[in-house]
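Visitor: no FASTA, just this:
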């Protein structure tokens, strides 16, 4: 990157008659980046630029150059910044036109609520496709327990094993898939899941879950692989 050039004139000198418009234009063309010159319409033959440019506008550009530090040699940084601006602009334009973005984002509001009962390590979070190991108890709104792998007796505890499955890929109800991705290893939470993200209109007769039932689970994320 080129070194910052010293200021050639004071504000008083710039506004006086001793500094001509062509002098300011020449200085800017020699020291400003191409993008800066383009934005201020200072590209091209000095005489032609001097015919259309007002001196006050040139003085403003001169001051702006030192404020923004956009001297020659900074084009690479400017280009990168401009690329980001262009990407944001294109994304905004696509959204305004109703185009689908290349990366689809699920904007559907979550159909579950989570209450933390026990903090996790806040470091290890499962990703889609990871195998998770969970202890859980599922109840209906009236308190009826329809499923659990949490054993109560000492012998049963030794024989009990956590439920293991790949998370986020549809192996379980959506309420579980979505909620577990927000939990860290060791975390225990109570999930209130709407029927749409549970078993829906059909319910789950084998598990004695009626149609359109809201489900409540206490889930502990024991481990992640």
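Guide: Alright, I've got the coordinates. What you are looking at is a predicted structure, and each value in this text was computed from that prediction instead of being measured.

Visitor: which stretches of the chain form helices?
Guide: 11-15, 21-31, 34-39, 46-52, 55-68, 75-97, 154-159, 174-180 (DSSP state H).

Visitor: least confident of those helices, on average?
Guide: Mean pLDDT per stretch puts helix 75-97 lowest among the helices of the chain, at a mean of 59.

Visitor: tally up the residues packed near residue 209, please.
Guide: Applying other Cβ atoms under 10 Å, we find 20 residues neighbouring residue 209. Glycine gets a C-beta too; all of them are placed from N, C-alpha and C.

Visitor: contacting residues for the residue lying closest to it once chain neighbours are set aside?
Guide: Leaving out its chain neighbours, the residue that sits closest to residue 209 by Cβ to Cβ, 6 or more residues apart in numbering is residue 203, at 4.9 Å. Applying Cβ atoms under 8 Å, 6 or more residues apart in numbering, one finds that residue 203 lies in contact with 209-213.

Visitor: same thing but 6 Å
Guide: Neighbouring residues of residue 203 by Cβ atoms under 6 Å, 6 or more residues apart in numbering: 209-211.

Visitor: relative to residue 52, how far out is it?
Guide: Distance of residue 203 to residue 52, given as Cβ to Cβ, to the nearest Å: 76 Å.

Visitor: burial of residue 48, as a residue count?
Guide: Neighbours of residue 48 (other Cβ under 10 Å): 11.

Visitor: likewise the one 4 residues further on?
Guide: Residue 52 is flanked by 9 other residues according to other Cβ under 10 Å.

Visitor: roughly how far apart are it and residue 64?
Guide: 18 Å.

Visitor: what do you get for residue 130?
Guide: From residue 130 to residue 64 the distance is 52 Å (Cβ to Cβ).

Visitor: so what's residue 9 up against?
Guide: residue 19.

Visitor: please report phi then psi for it.
Guide: Residue 9 adopts backbone torsions of phi -140, psi 150, taken as degrees, to the nearest 10.

Visitor: show me how far stretch 50-65 is from its chain's centre.
Guide: 40 Å (Cα atoms, centre = their mean, to the nearest Å).
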